[in-house]
Every structure is written in structure tokens, then in C-alpha cells.
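Visitor: just coords:
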Ligand SMILES: CC(=O)SCCNC(=O)CCNC(=O)[C@H](O)C(C)(C)COP(=O)(O)OP(=O)(O)OC[C@H]1O[C@@H](n2cnc3c(N)ncnc32)[C@H](O)[C@@H]1OP(=O)(O)O
Ligand SMILES: O=C([O-])CC(=O)C(=O)O
Ligand SMILES: [Mg+2]
């Protein structure tokens, strides 16, 4: 039986790759591709008459496959279905790292899931509090309640917007440039940062539109997301490259951090690095860049 290490609330989650929990061919080797997290889906990828079989397959996978450092999250069915309670029991009994609450709309939704997770942890002798939570915000109501959702439980590590359901609710289609999701993405990012949790963008469904995918990923990074939901291994590499600091950014951050300490020792609070004004927030952000570069494996300096 596989024993997974204690899940971490804060960790690198550039890519969270969905796959149908019912399909052994997908979930058996999923960790080989190197996404930071995988999301074994019991919800919309699984046909209604296959929910039981997906749960069996999921439990077997959780108990027997060594996913190593890849985080294992399970997306449970919505709270308006007959499935979510049994989903939670199986996820907890199997020892997954966390649960993605599909179509989450309120703090009460989170609290209800939390209550059932705790009950399952007690039932199956799993350490209380081990199972983390994240919320998928898939409707205008979910977005409007983003802050109360992400602050509703200590188990919560982040939230993700879900474009398929969200666009459906708003009567819009996917657009190059993302104008149809700009307000919702921004509101969710504000809520997540205010709460100190991570924030992820939705999956990009058009697998053959490389240019569209890449432009969305770049925009995700520019907006401040921590990572992205993805649906195919072929989407991993570009997201990882885009979310890692570039050599130029690392070099600048390094220069800033080193000079800041010297300047501070000499009693100077504000000065310039390469013609750009810097003071304490720039120093703190440069430190974040270095830490991110380390986590992404692209920092080779000695800071
Ligand atoms: C709106 C929502 O709810 S999104 C969330 C729910 N959706 C999902 O879970 C869909 C996840 N993705 C998939 O199931 C698949 O990528 C599909 C159905 C979209 C396309 O499948 P395919 O046409 O087989 O994709 P493709 O030909 O690119 O696959 C290449 C390889 O990657 C594997 N692969 C593809 N997608 C995934 C995935 N999500 N996870 C793991 N492996 C995958 C395939 O098994 C195949 O492996 P092989 O070469 O060893 O046979
Ligand atoms: O969370 C996601 O990106 C996938 C999803 O359910 C949606 O788009 O509705
Ligand atoms: Mg959805």
C-alpha cells in the first residue's frame, strides 16, 4: 500500500492536469509527464452511469500507484448531486492530498465538504486535517463569493476559475485576449491574494490552437496567477517555462537583493538598479522571484 507524504498547503502548482479517474490508461502513468499536480476527475469527465466504476478505479489507483512528488487532487461531484458524499469517503480512504470542490458557490459549501472530510478522516483513521481543499469557481455567484469561499476553511490552499461552466453561465464564448473572463479572473485573483491562498486559471480546451493557448498562458502569468489547470500532457512544458522567472529576471532580482542589503547597511532606503528606482517592496518582490526560481529549478546562484 502506498503512503503519501503529508500534503503541503504552499507548494509549486504551475500545472494541475485533469484526467478521467475512470481510465486506467490515463491515471496509471500520469506522474511521468511531470505536471506539478494531477486532478483525478470524478465529475464532468465521468459519464453519469460510470460514477461508481470511476470511484472504484480511483481508490485502486490511490492505494497502489506511487505518484512520487506529484500532488494528487481529486475533483469531486457537485454538492447538488447524489455522488459527492461517497466521493469524499473514497478520496479520504485512498489518502489523496486534496479535494477540488467543483462548482463551489459559498462558504457554506466549503464548510459542508470540510465536515464530511473530517468525518471520513475519523472513519478511516487518517490524520485529522491532512486532506487539503481547493475551490473551483464556475459561476458568477462563485466569483462574487470568492473571498468568503477561500477563507472558509484552514484546509483551503487555493481557488481556480473554471471557464467552461463560467462562460456557459455568462452566455459567452472563449475569446482571444480573454475579455469575456477579465473581470472574473481579476476578482478571483484579488480574493485569493487578500486571503493569502494560491490562484489558478482554467483549462484551455482547444488542443490544436497552440497560439491561442500560449497567449492565454502568458496573460495568466502577467495577471499574477500561480498556475493553470490543464487537460493534456502536451500543455505542461509551455506553462512551466512561462511561469518560471527568466534568466534576465533572475539576474536583475539577484542584483537588487545583493545591492539592497549593502545600501541598507549604509543607511540608504531608496536608490536605482539599472536605472530603475527600488525600495523595500521591490526588494521583497525580488526575493519572491529568487524563491520561485529555486522552486522551478532554474536558480543556480548562492542567495
Ligand atoms: C470542462 C472540464 O470539466 S475540463 C476537466 C475534465 N476534462 C478532462 O479530464 C479531460 C482530460 N483530457 C483528456 O481526457 C484527453 O486529453 C482528451 C480526451 C481531451 C484528448 O485525448 P487524446 O485525443 O487521446 O489526446 P492525445 O492524442 O493528445 O494524447 C496523447 C497521449 O497523452 C495521454 N493523455 C492525454 N490527455 C491526458 C491527460 N489529461 N492525462 C494523462 N494523459 C493524457 C494520452 O493517453 C496519450 O497517451 P499515449 O500516447 O500513451 O496513448
Ligand atoms: O476547472 C476547469 O478549468 C474545468 C471546468 O470544470 C470548467 O471549465 O468548467
Ligand atoms: Mg466545470
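Guide: Structure's in. What do you need? None of these values were measured; they are calculated from a predicted model. Ligands and ions are numbered 1, 2, ... in the order given.
Visitor: how about the residues of the stretch 101-250 of the chain near ligand 1?
Guide: 164, 203, 231-234 (CB under 6 Å from any ligand atom). C-beta here means a position set from N, CA and C on the backbone, and glycine is covered the same way.
Visitor: Filter the residues you listed down to the buried ones.
Guide: Among these, the ones that count as buried by 16 or more other CB atoms under 10 Å are 203, 231, 233.
Visitor: on that earlier part again, just the closest of the residues of the stretch 101-250 of the chain next to ligand 1 to residue 225, please.
Guide: For those, the closest approach to residue 225 (CB to CB) belongs to residue 203, at 12.8 Å.
Visitor: Look up the pLDDT of that closest one for me, please.
Guide: pLDDT recorded at residue 203 is 98.
Visitor: Okay, helices next: where are they in the stretch 101-250 of the chain?
Guide: 107-124, 140-144, 146-150, 163-170, 182-195, 210-223, 236-243, 247-265 (DSSP state H, counting those that start in this stretch).
Visitor: so which of these gets nearest ligand 2?
Guide: Closest to ligand 2 of those is helix 163-170 (CB to the nearest ligand atom; 3.0 Å).
Visitor: Check which helices and strands that closest one sits against.
Guide: The contact analysis (3 or more CB pairs under 8 Å, 6 or more residues apart in numbering; DSSP states H and E) places helix 163-170 against helix 140-144.
Visitor: Give the buried residues for the helix it packs on.
Guide: 142-144.
Visitor: Please apply the same query to stretch 264-274.
Guide: Buried, per 16+ other CB under 10 Å, within stretch 264-274: residue 273.
Visitor: for stretch 196-205, same thing?
Guide: Those would be 197-204, for stretch 196-205 by 16+ other CB under 10 Å.
Visitor: same deal with stretch 222-240?
Guide: 225-231, 233, 235-236, 238-240.
Visitor: Is ligand 3 within reach of it?
Guide: No. Counting by CB under 5 Å from the ion, ligand 3 has no neighbours in stretch 222-240; the shortest distance is 9.8 Å.
Visitor: For the buried residues of stretch 196-205, give me a markdown table that also has distance to ligand 2.
Guide: Formatted as a markdown table, the buried residues of stretch 196-205 follow (distance: CB to the nearest ligand atom, whole Å):
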| residue | distance to ligand 2 |
| --- | --- |
| 197 | 16 |
| 198 | 14 |
| 199 | 13 |
| 200 | 8 |
| 201 | 8 |
| 202 | 4 |
| 203 | 4 |
| 204 | 9 |
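Visitor: quick one: residue 106 and residue 148 touch, right?
Guide: Yes. If you go by CB atoms under 8 Å, residue 106 and residue 148 touch, sitting 7.0 Å apart.
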